[in-house]
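Novice: sequence-free structure coming up:
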DNA sequence: GACGTACGGTGAAACCTTTCAAAGAGCCCG
DNA sequence: CGGGCTCTTTGAAAGGTTTCACCGTACGTC
């Protein structure tokens, strides 16, 4: 994750007005459009055949220098730009790669997307981005349109468990890579992050610091990520020779946001017989809510309560008490996915698993002195 | 901004591990690919001409029902999917729309993008997303590739001031809409948010609450957004019959992040002769840093200092002291841009300007009692 | 029974590029 | 001087779809 924030990044602006201003400029008539020049026009102007023009573009070494220059000048004079559709029709494949994620606006996918895009640009490909919102319908819609476009490859965080249609696509020549999901079959590539390991890291960290009672604010256990992180946490406890059911006090929130986190915190502290001395939140947003609740209850962090989040979102490091969190290599995940997709020949189907990393900050540091 | 956060949105995970795990599954050979079926295959199987198959697909009403069914069955049996390249070649235009933004990973553009995508999906179009990173080179690269693809339209936050190449594109039949930038010429559509107004809103709000000395943490004045917001703030002060130079104490930070904000805050408070009672930060991230600094200095918010940010980013509402902020209609901005692009015929060039909105929260509320 | 009409369906052209066999030009060597 | 060689260039085919002028057929009308 070496990408740095540029000034613009910081200057993003977000606010909302439901009222559209729209003092539109007076109606104006657009100029009539100019005809696009084709390779024929170039050939005509340069006095060569279309085959030669094509060679200048694709195999310049086959063309004599004088001719090459003449053709190039004609291209420049006419402002000729190759027609991608025609090229693709001939080639049978396009330079576009489709990516279907759950939500482009989700900061996780946003970073992943950026990793994908940067790799694709290097390979001179374009990224077609689609949000499925975890809806099977939208996913099917996009799959259809992307198949029509004969995209060169497809990166997808599937909304369905069923990967049959993806395998069909792959057999038809479209490389498929699963994103943030391990492939259930060995015939598809996939890249994912080990959430069990992430939970384990958080648990081990807190246990190392001597915490004997750990509060755990979890989300719906039906969500794979929640289930996996929980499994990791319990694994860490067992590894320390302790009983997860005794050490961990788990509270679940259906809404994985700040309010849900704060509510869960109050539930936890109001009911827990021996109060926990540490808190693990299934993601940073719930952790933020929990921190707010702790402040209201005048429980100091990390003095009275150590807190660990998950995701390491942008604001985690910026809080008054910087938050310890489990970081996932989002950007690299995207890069790796793109790399697998672009790899030629695409005959080996890899299931890559990335390791999360614990970023220790003030919120979980033992008080010195 | 009615889009709600779904659980997945919250479950986003972000952390980074520089070490790739990659215990790849054993090499496996991909199955040989199957030939794609064309409209000819369908015609053959259904015993009709290709023209009829095309009509079934595009003008079903022209085809007798019995024939239509027979053709449809053939299509289903063969798993035929239209070839987009061929269609586009014929039509001269594709179903794809290009969007060149400064950075997909920037939360502002992320939301804008989502607005664009949703509209395009309704119009059965695809979104090709590109990040220019404000680099003229990358922008030119993407412009070239998108032109080759003959995208139906282009949404762009230009890195260059020069819009000549965009006007050329438009004359060649590619609709162009400027994003978050007012068009310098009446020949291009544009959508933008009024940053002057935003600064004005923030200023007026603080003045209304009786603040006579306002600290202003600004970014590089060369940045349009910073300059505009500053202008708005000063305008509000003048409108209240006061002298901006007396009321406003401005500090500039080159880095628009939390650390820059905190540093600027300390500079401000260490030097300001009469201490300000209110603080306006040019964006929320710097405001977050300023809040951190205020906490360190044990200045209470809003008791001793009212604080207003800009952008209304996700975390603004989640802070211990929820932050008053100027919100921009990001999602609607994207929708409006897409609408302008899709409008037929594209002869009127509108310059739409959206209004920002002040979201008042605890950080600027007068202490009651 | 000839004619007009409406309906279904046909087949070829057009869209623009790439590829490839083949032709042409120039040259060397025997 | 002819054969063989290399270096350039050519021209046509192929790729899949849409469009459109046109052809048949069946039916109703005079």
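Specialist: Thanks, I have the structure now. Bear in mind the structure is a predicted one, so any value in this text is a computation, not a measurement.

Novice: quick one: contacts for residue A:50?
Specialist: When contacts are counted by C-beta atoms under 8 Å, 6 or more residues apart in numbering or on different chains, residue A:50 is found next to A:39-40, A:43. From N, CA and C alone the C-beta is placed, and that goes for glycine too.

Novice: rebuild these as a markdown table, extending it with neighbour count.
Specialist: A markdown table is the format used below for the contacts of residue A:50 (neighbours: other C-beta atoms under 10 Å in any protein chain shown):
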| residue | neighbour count |
| --- | --- |
| A:39 | 21 |
| A:40 | 11 |
| A:43 | 19 |
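
Novice: need the residues of the stretch 51-200 of chain A near DNA strand D, please.
Specialist: By C-beta under 7 Å from any atom of the strand, the residues of the stretch 51-200 of chain A that approach DNA strand D are A:51-52, A:55, A:62-64, A:66-67, A:86, A:89-90, A:92.

Novice: next one: the helix or strand where residue A:332 lies to chain centre, how far?
Specialist: According to DSSP states H and E, residue A:332 maps onto helix A:330-342. The chain centre lies 10 Å from the centre of helix A:330-342; the measure is C-alpha atoms, centre = their mean, to the nearest Å.

Novice: if we can go back for a sec, filter the contacts of residue A:50 down to the ones close to DNA strand C.
Specialist: A:39-40.

Novice: out of the contacts of residue A:50, who's nearest DNA strand D?
Specialist: Within those, the smallest distance to DNA strand D is 7.4 Å, found for residue A:43 (C-beta to the nearest atom of the strand).

Novice: let me see the contact set for the closest one.
Specialist: So residue A:43 contacts A:49-50, A:52-53 (C-beta under 8 Å, 6+ apart).

Novice: re earlier: and of the contacts of residue A:50, the nearest to DNA strand C?
Specialist: Once C-beta to the nearest atom of the strand is applied, the member of the contacts of residue A:50 that ends up nearest DNA strand C is residue A:39, at 2.9 Å.

Novice: burial measure for residue A:273, as a count.
Specialist: Residues lying near residue A:273 (other C-beta atoms under 10 Å in any protein chain shown) number 6.

Novice: from residue A:290, how far out is it?
Specialist: 19 Å (C-beta to C-beta, to the nearest Å).

Novice: on that earlier part again, and the contacts of residue A:50 as CSV, adding secondary structure?
Specialist: Listed next are those as CSV, based on DSSP: H, G, I helix; E, B strand; the rest coil:
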residue, secondary structure
A:39, helix
A:40, helix
A:43, helix
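
Novice: picking that back up, the helix holding residue A:332 packs against which elements?
Specialist: helix A:107-122, strand A:153-156, strand A:175-179, strand A:189-193, strand A:351-354 (3 or more C-beta pairs under 8 Å, 6 or more residues apart in numbering or on different chains; DSSP states H and E).

Novice: which residues touch residue A:113?
Specialist: A:99, A:101, A:104, A:127, A:129, A:334, B:104-105, B:129.

Novice: in a markdown table, list the helices and strands packed on helix A:330-342 along with distance to residue A:134 and mean pLDDT.
Specialist: Formatted as a markdown table, the helices and strands packed on helix A:330-342 follow (distance: least, C-beta to C-beta, whole Å; pLDDT from 0 to 100):
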| stretch | distance to residue A:134 | mean pLDDT |
| --- | --- | --- |
| helix A:107-122 | 12 | 96 |
| strand A:153-156 | 12 | 96 |
| strand A:175-179 | 13 | 95 |
| strand A:189-193 | 17 | 95 |
| strand A:351-354 | 22 | 95 |
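
Novice: same list (the ones you listed) but as TSV, adding distance to residue B:190.
Specialist: TSV is the format used below for the helices and strands packed on helix A:330-342 (distance: least, C-beta to C-beta, whole Å):
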stretch	distance to residue B:190
helix A:107-122	24
strand A:153-156	32
strand A:175-179	34
strand A:189-193	38
strand A:351-354	41
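
Novice: residue B:267 is nearest to which of these?
Specialist: Each of those has some distance to residue B:267 by C-beta to C-beta; the shortest is helix A:107-122, at 30.8 Å.

Novice: which one of the contacts of residue A:50 is nearest chain B?
Specialist: residue A:39 (12.6 Å; C-beta to the nearest C-beta).

Novice: picking up where we left off before, got the angle for the helix holding residue A:332 vs strand A:175-179?
Specialist: 160 degrees (axes from the mean of the first three to the mean of the last three C-alpha atoms, to 10 degrees).

Novice: what angle separates helix A:330-342 from helix A:107-122?
Specialist: Using the same axes, to 10 degrees: helix A:330-342 against helix A:107-122 is 40 degrees.

Novice: and the angle for helix A:330-342 with strand A:189-193?
Specialist: Using the same axes, to 10 degrees: helix A:330-342 against strand A:189-193 is 170 degrees.

Novice: now distance to residue A:182 and pLDDT too, for the contacts of residue A:113, in JSON lines please.
Specialist: What follows is the contacts of residue A:113, written out as JSON lines (distance: C-beta to C-beta, whole Å; pLDDT from 0 to 100):
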{"residue": "A:99", "distance to residue A:182": "18", "pLDDT": "98"}
{"residue": "A:101", "distance to residue A:182": "16", "pLDDT": "97"}
{"residue": "A:104", "distance to residue A:182": "22", "pLDDT": "94"}
{"residue": "A:127", "distance to residue A:182": "23", "pLDDT": "98"}
{"residue": "A:129", "distance to residue A:182": "23", "pLDDT": "98"}
{"residue": "A:334", "distance to residue A:182": "16", "pLDDT": "97"}
{"residue": "B:104", "distance to residue A:182": "25", "pLDDT": "94"}
{"residue": "B:105", "distance to residue A:182": "25", "pLDDT": "91"}
{"residue": "B:129", "distance to residue A:182": "26", "pLDDT": "98"}
